[in-house]
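>>> my questions concern the predicted model and sequence given below.
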Amino acid sequence: PIQFQVAPLLRDAPYVGGYAFLFMEPPIIRHDFKLQPIPGMPSLSLSYVPGLASFLSSFLSSMLRDMMVFPKAVVSALVEEKDGVSVQSMLGPQQLGTLQVKV
């Protein structure tokens, strides 16, 4: 599951003070990485190189796990503060509720 937060709500644009994005569980990356060296040429699958695709998958998984898996989050404040409180402190892994979207 993915958690996406927006807070605080504002009356004027940008209408939210900031947002946070995090994974509740470590993501599983399954992808056939392809490389297209020059536009118009056929794509080359990295699965042809032994171990390269699994290395890239595990590398990306560990990067995401270190940066974006609960309790860590990617936080972006669109305004500095609201009512004297830092927007950055309003965002992050604390939860008021959960909206779970499955695709």
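Happy to help now that I have it.
>>> looking only at pLDDT, what's the mean for the helix or strand hosting residue 58?
Assigned by DSSP states H and E, residue 58 falls within helix 52-68. What helix 52-68 shows for mean pLDDT is 86.
>>> extract the CA atoms of that helix and return them as PDB.
Only the C-alpha atoms of helix 52-68 are listed here, as PDB (Å, rounded to 0.1, in the frame of the first residue of the first chain):
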ATOM      1  CA  LEU A  52      22.200  -7.200 -14.400                       C
ATOM      2  CA  ALA A  53      18.300  -7.000 -14.200                       C
ATOM      3  CA  SER A  54      18.200  -8.600 -10.800                       C
ATOM      4  CA  PHE A  55      21.000  -6.300  -9.600                       C
ATOM      5  CA  LEU A  56      19.100  -3.200 -10.800                       C
ATOM      6  CA  SER A  57      15.800  -4.500  -9.200                       C
ATOM      7  CA  SER A  58      17.500  -5.100  -5.800                       C
ATOM      8  CA  PHE A  59      19.300  -1.800  -6.000                       C
ATOM      9  CA  LEU A  60      16.100   0.100  -6.700                       C
ATOM     10  CA  SER A  61      14.300  -1.800  -4.000                       C
ATOM     11  CA  SER A  62      16.900  -1.000  -1.400                       C
ATOM     12  CA  MET A  63      17.000   2.700  -2.400                       C
ATOM     13  CA  LEU A  64      13.200   3.000  -2.100                       C
ATOM     14  CA  ARG A  65      13.300   1.000   1.200                       C
ATOM     15  CA  ASP A  66      15.900   3.400   2.700                       C
ATOM     16  CA  MET A  67      14.100   6.600   1.500                       C
ATOM     17  CA  MET A  68      10.300   6.000   1.300                       C
END
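>>> which secondary structure elements does it sit against?
When contacts are defined as 3 or more CB pairs under 8 Å, 6 or more residues apart in numbering; DSSP states H and E, helix 52-68 sits against strand 16-23. Glycine gets a C-beta too; all of them are placed from N, C-alpha and C.
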